[in-house]
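Enquirer: predicted model, plus sequence, below.
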Amino acid sequence: MAKVVELTYYPVKGCAGISASEAEVTPAGLAHDRSFMVVDEEGVFRTQRRDPRLALILPGVDSAGERLTLRTPDNGEVAVDVDTTGVRRPVELFGTPYRGIDQGDIVARWLSEVLGAPSRLVRVPPEHDRVTDGRTPGTAGWADSGALHVLSRSSLDLLNEKIAERGAEPLAMNRFRPNIVIGGWDVPHTEDRAHRLRIGATELAYAKLAVRCAVTLVDQERGAKDGPEPIRTLAGYRRGAAGTVFGVKFSVLRPGKVAVGDEVDVTAWGEAEVSYTAER
């Protein structure tokens, strides 16, 4: 029986995640997921691709989303009252313009010190109307694309087997920063074919495969790039039309609550976009 074995949300895009035993699923994904984003002086989003030290920043947000804390082992902690009504400023995510609410100079100075470059923090405004693409369109905060990123343990197990064959060390699940990890699917990449899911009170629909980038090269504990894996190995057996793929993005059809231990019910199956053979 397939079940949810991990739930993680990422309040600040690019920063560390927060594990949860249960979470509310909103139309934009897990509550508070990617609600905040670090930007440079021009408003362009910062990413672990260029700023791997983002991984060292551990956020905390209260259940109401009204108080945000950020901390690192070396820079202490900063806390701010979340501003949801302030002046909107232009920001840019993958070349697309949006509006974000600046969270003030105190957190900006702290982030600039941690990252060694001028930075500011913005929040998704209440009127944020971003539409994400894919087989089932949806919405999201500042996530790369899609409300929820789903990955199975068996997919990571297969990848780590292939990485071991190259003489390299296995990778942790957090390299891929999923929101929902599913256990109990014996066949790797079953998530590719699970086109409609019912988990707890929610219903999710397949949007597209998750295209992997250089963020997966960053050791999430050290905040530094760590060799060619997993991209080197994935490129050998997980190439899709848009690039190297691993995991799936889902849109939210019905919001509700999910919890670790919830059964995952596949209500509609479909063809996988990338072929997979069970041969090891």
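Expert: Cool, the structure landed.

Enquirer: scan the chain for its longest helix.
Expert: helix 153-165 (DSSP state H).

Enquirer: give the buried residues for it.
Expert: In terms of neighbour count (16 or more other Cβ atoms under 10 Å), helix 153-165 has its buried residues at 153-156, 158-160, 162-163. C-beta: built from backbone N, CA, C; applies to glycine.

Enquirer: if we only consider those, which is nearest to residue 242?
Expert: Closest approach to residue 242 among these (Cβ to Cβ): residue 155, at 17.7 Å.

Enquirer: quick check: longest strand of the chain.
Expert: strand 243-254 (DSSP state E).

Enquirer: list the contacts of the helix or strand following that one.
Expert: Sequence order places strand 256-259 as the next helix or strand after strand 243-254, per DSSP states H and E. Here strand 256-259 makes contact (Cβ atoms under 8 Å, 6 or more residues apart in numbering) with 4, 7, 21-25, 180, 199-202.

Enquirer: can we see that at 6 Å?
Expert: 22-25, 199-202 (Cβ atoms under 6 Å, 6 or more residues apart in numbering).

Enquirer: stretch 241-248 now?
Expert: Contacts for stretch 241-248 (Cβ under 6 Å, 6+ apart): 149-151, 191, 209-212, 234-235, 238, 274.

Enquirer: which one (most neighbours) among the residues you listed?
Expert: residue 191 (29 neighbours; other Cβ atoms under 10 Å).

Enquirer: okay, residue 39 and residue 119: tell me how far apart.
Expert: To residue 119, residue 39 is 7 Å away according to Cβ to Cβ, to the nearest Å.

Enquirer: these two - which one has more neighbours?
Expert: residue 39 (25 against 21).

Enquirer: what is the least confident helix or strand in the protein?
Expert: strand 239-240 (a mean of 90; mean pLDDT, DSSP states H and E).
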